[in-house]
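Show me the folded form of this:
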Amino acid sequence: MIYGGFEIQSFEAGRGLWHARIQRADQEPVVIDGMAFPTLEVGFAWSDPEAAIADAKAHIDRFMPRFTTTTPRVERPTSP
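Model (predicted):
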């Protein structure tokens, strides 16, 4: 499912333990405080996939101000 520009995938990490994976819908890395991540995994185990997706949505809503849409630019030192 797509939510707020992010793709959310629920997956069963263990018997009856559902997690969610979040990545940008455009496949670019998620940048949080200058660190690029190809995907994020919500670290809680839920009893069903719908609960994992709801928790992923809450994470997106809570952390959206810290997400940026571009990869951080690397500054190169200048020669004296």
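
neighbours around Gly34, how many?
9 (other CB atoms under 10 Å). Quick note: C-beta positions are derived from backbone N, CA and C, even for glycine.

Now the phi/psi pair for it, please.
Backbone geometry at Gly34, expressed as degrees, to the nearest 10, gives phi 90, psi 0.

how much space between it and Arg15?
According to CB to CB, to the nearest Å, Gly34 and Arg15 sit 38 Å apart.

ok now do Glu50, which residues does it touch?
By CB atoms under 8 Å, 6 or more residues apart in numbering, Glu50 lies in contact with Ser10.

Could you grab the helix/strand/coil label for it?
Here Glu50 is recorded as helix under DSSP: H, G, I helix; E, B strand; the rest coil.

Could you measure from it over to Met35?
To Met35, Glu50 is 30 Å away according to CB to CB.

any weak-confidence spans in this structure?
By pLDDT under 70, the low-scoring segments of the chain are 42-43, 65-80.

give me that answer again for 80
For the chain, the stretches with pLDDT under 80 are 30, 32-34, 39-44, 63-80.

where along the chain do the helices fall?
For the chain, the helices defined by DSSP state H occupy 49-63.

Could you pull out the strands in it for me?
2-3, 6-14, 17-24, 30-32, 35-37, 40-46, 67-68 (DSSP state E).

now those strands as TSV including mean neighbour count and distance to Asp61?
Output for those, formatted as TSV (neighbours: other CB atoms under 10 Å; distance: least, CB to CB, whole Å):
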stretch	mean neighbour count	distance to Asp61
strand 2-3	11	9
strand 6-14	16	11
strand 17-24	19	12
strand 30-32	17	14
strand 35-37	12	18
strand 40-46	16	13
strand 67-68	16	11
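
ok, Phe37 to Ser47 distance?
Remark: distance between Phe37 and Ser47 (CB to CB) = 26 Å.

cool, His19 as well?
Distance from His19 to Ser47, by CB to CB: 12 Å.

Tell me if I'm right that Asp48 and Trp18 touch.
Yes. If you go by CB atoms under 8 Å, Asp48 and Trp18 touch, sitting 5.9 Å apart.
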